[in-house]
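Visitor: here is my input, please return the structure:
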Amino acid sequence: MLFDTHVHLNADQFDEDLEEVLGRAKEAGVEYMVVVGFDEKTINRAMALVERYDFLYAAVGWHPVDAIDMKDEHLQWLEELSSHRKVVALGEMGLDYHWDKSPKEVQKQVFREQIRLAKKVKLPIIIHNREADRDIVDMLKEENASEVGGIMHCFGGSVEIAQECLDMNFHISLGGPVTFKNAKRPKQVAKAVPLDRLLIETDCPYLAPHPNRGKRNEPAYVKLVAEQIAELRELEYDHVVQQTTENAKKLFGIS
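Guide: Down below sits the predicted model:
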């Protein structure tokens, strides 16, 4: 019973064959998925999907790349959506220093506003971090984000950064990169993080795991992530699946 904690089934890449993609996920043993919305279009699509399928849940937030487009009414909208029975987290939110569409100070302000909202509505947060390790960790500390905790999504940082996040009540989620041959850091993290704080994801349609690297990713491939973690930790596959699913259900409040 796999739990893919981060999917973008609301992306255009799944418009043509969503039913087939969901069918393959079921065949692979994926029982639950969280569809992540990060702007107006993808949030609306995520909400439509979770209304349609009982095994899908939603996270809603504002992506740092698009922070410059976020208005006060969007924050109000996120607050309204947070009370929906199938919204289990706020996010993805955070900092992205790779793209320069939104100035860093704007990203930081939008990030702070969403952390504060999460504390108000008592939902965990899903963190997007690209080339911003130190600022992310410092801001989570400053805003006392440990009150709600959440997920360091598709974690690519060091074991030391992972430990700082664990100390703040965050889970570490690993995706396709843990299967890449030369990806040393994710493999080190996969071995170091306590199993009861580890989650798995695809981030589909992006970052497909080996041997599908470079192709469109999909939820069925989360099995490859779980297999790699089991191998790295020298554990039974079923044990990794059971524990990561339990972790996700507990964090998201899914009984």
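Visitor: now do the strands in the protein.
Guide: 2-7, 30-37, 56-60, 87-96, 125-130, 150-152, 170-174, 198-200 (DSSP state E).
Visitor: not counting residues beside it along the chain, what's closest to residue 204?
Guide: residue 217 (3.8 Å; CB to CB, 6 or more residues apart in numbering). Just so you know, the C-beta spots here come from the backbone N, C-alpha and C atoms, and that holds for glycine as well.
Visitor: the one you found reaches residue 201, doesn't it?
Guide: No. Counting by CB atoms under 8 Å, residue 201 is not a contact partner of residue 217; they are 10.0 Å apart.
Visitor: out of the two, which sits in the more crowded spot?
Guide: Shown here are residue 217 and residue 201; by other CB atoms under 10 Å, residue 201 has more neighbours (28 against 23).
Visitor: make a markdown table from the strands of the chain and add mean neighbour count, mean pLDDT and distance to residue 189 to it.
Guide: Shown next, in a markdown table, are the strands of the chain (neighbours: other CB atoms under 10 Å; pLDDT from 0 to 100; distance: least, CB to CB, whole Å):
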| stretch | mean neighbour count | mean pLDDT | distance to residue 189 |
| --- | --- | --- | --- |
| strand 2-7 | 28 | 98 | 16 |
| strand 30-37 | 24 | 98 | 21 |
| strand 56-60 | 25 | 98 | 22 |
| strand 87-96 | 26 | 98 | 18 |
| strand 125-130 | 25 | 98 | 13 |
| strand 150-152 | 29 | 98 | 10 |
| strand 170-174 | 26 | 98 | 6 |
| strand 198-200 | 25 | 98 | 9 |
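Visitor: relative to residue 77, which of those strands is closest?
Guide: Smallest distance to residue 77 across the strands of the chain (CB to CB): 8.5 Å, for strand 56-60.
Visitor: alright, calling it a day.
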